[in-house]
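Asker: A predicted structure for the sequence below; I have some questions about it.
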Amino acid sequence: MAMNAVKVLLSLVTGAIVGAIQDYPRLPARDNFQIVSSPGKVREEDAFLVGRPGVRVPPAWSPLFVSSAPGFIDPGEFPRILEEIVKSLRENPKRAVVITCPEYLALYNGFRALLKFLHTVRDYAMLNGGRVYLVTDKDVWNEKEYAMLTGLEV
């Protein structure tokens, strides 16, 4: 008799877990982060661009320029850059985030910090229905670094 009670309880718990998983909102897979060779490869009309001053920005895009020069956001201020990205995504869900200066950000923060930052940006974009485009070239990174960057595309 005790064995039947355990089976019933296990069945109820398993059913509740399966039901909870089925009702949980699904996040889009494999379509929220992409490495591209130029900003021209971005499909969306509306985007939030993080880049160096002087980069050409399409009229519909909102730029955030990073530089160690006065008047710009310092490239070492990942929390402030992330705050601006999140604010932009909340104001305009499904907006693309285009990062055109990952090498520059890695120079100031280190590669590991850049990778953590990109994971966080991808997560916020995913939750808001947006996409992240990383504008870079494979030859800039060593093999291991580039493999980790392409791992964000999965």
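Answerer: Right, received. Where do you want to start? Numbering: from 1, shown residues only.
Asker: Could you verify my assumption that residue 41 touches residue 131?
Answerer: No: shown here, residue 41 and residue 131 do not form a contact pair, counting by Cβ atoms under 8 Å, at 11.8 Å. (C-beta placed from N, C-alpha, C; glycine too.)
Asker: and those two? which has more neighbours close in?
Answerer: When neighbours are counted by other Cβ atoms under 10 Å, residue 41 and residue 131 differ, and residue 131 comes out ahead with 22 against 12.
Asker: Chain neighbours aside, what residue packs nearest to the more buried one?
Answerer: Counting by Cβ to Cβ, 6 or more residues apart in numbering, the nearest residue to residue 131 once its immediate chain neighbours are dropped is residue 96, at 4.9 Å.
Asker: From residue 59, how far out is that neighbour?
Answerer: Going from residue 96 to residue 59 by Cβ to Cβ, to the nearest Å gives 15 Å.
Asker: cool, and residue 103?
Answerer: Distance from residue 103 to residue 59, counting by Cβ to Cβ: 26 Å.
Asker: same thing with residue 41?
Answerer: The span separating residue 41 from residue 59 equals 18 Å under the rule Cβ to Cβ.
Asker: Likewise for residue 115?
Answerer: Counting by Cβ to Cβ, the gap from residue 115 to residue 59 is 32 Å.
Asker: So which of those two has more stuff around it?
Answerer: With other Cβ under 10 Å as the criterion, residue 115 and residue 59 differ in neighbour count, and residue 115 comes out ahead with 18 against 5.
Asker: I'd say that one and residue 150 touch.
Answerer: No: under the criterion of Cβ under 8 Å, residue 115 lies out of contact with residue 150, with a separation of 11.5 Å.
Asker: center of the chain - which residue?
Answerer: The residue at the geometric middle of the chain, judged as the C-alpha nearest the mean C-alpha position with Cα atoms, centre = their mean, is residue 122 (1.6 Å).
Asker: in what helix or strand does it lie?
Answerer: For residue 122, the enclosing helix or strand under DSSP states H and E is helix 111-127.
Asker: That helix - contacts with which helices or strands?
Answerer: Applying 3 or more Cβ pairs under 8 Å, 6 or more residues apart in numbering; DSSP states H and E, one finds that helix 111-127 contacts strand 33-36, helix 78-91, strand 96-99, helix 102-109, strand 131-135, helix 143-150.
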